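Participant: coords please:
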Amino acid sequence: MQIAQVRGTVVSTHKANSMTGVKLLLVQFIDEQGQLLPKYEVAADIVGAGINEWVLVSRGSAARIESRYEERPLDATIVGIIDTVSVDNRSLYSKREIERLA
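Facilitator: Got it, this is the predicted structure:
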């Protein structure tokens, strides 16, 4: 899994039938210092993530493990919304703190 931030939505009206009903989000990956990396990916969202939230992204064949998704052509799936991240006893991210500041 990797940590990423939801940066936007992706809408595709013409797609494979197996992709009907799949919410797609544009995510940008985050490094161990909490900095955004220049790498973006489109990921299926199965947890209801929102713009700017930090999320857990499962990639490769693991992205299709969830039931109802195993036959879909997915390379990345958002499988969790992050509440907090700590590194070396230092808070790197807190959803509650971000929401408080907004």
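Participant: check which helix or strand the most centrally placed residue in the chain maps to.
Facilitator: Ranked by distance to the mean C-alpha position of the chain (C-alpha atoms, centre = their mean), the top residue is Ile78 at 3.9 Å. Ile78 belongs to strand 76-81 when assigned by DSSP states H and E.
Participant: that strand pairs with which strands?
Facilitator: Note on strand 76-81: by DSSP bridges, its sheet partners are strand 36-45 (parallel), strand 54-59 (antiparallel).
Participant: wait, which of these is closest to Val6?
Facilitator: strand 54-59 (6.0 Å; C-beta to C-beta). In this view, the C-beta of every residue, glycine as well, is placed from N, C-alpha and C.
Participant: other residues contacting that closest one?
Facilitator: Residues outside strand 54-59 that contact it (C-beta atoms under 8 Å, 6 or more residues apart in numbering): 1-6, 27, 29-30, 41, 43, 47, 49, 65, 75-82, 85, 93, 95.
Participant: buried subset of those residues as a PyMOL selection?
Facilitator: Buried members of the contacts of strand 54-59, identified by 16 or more other C-beta atoms under 10 Å, are gathered into one PyMOL selection as follows:
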select buried, resi 2+3+4+5+6+27+29+30+43+49+76+77+78+79+81+82+85+93
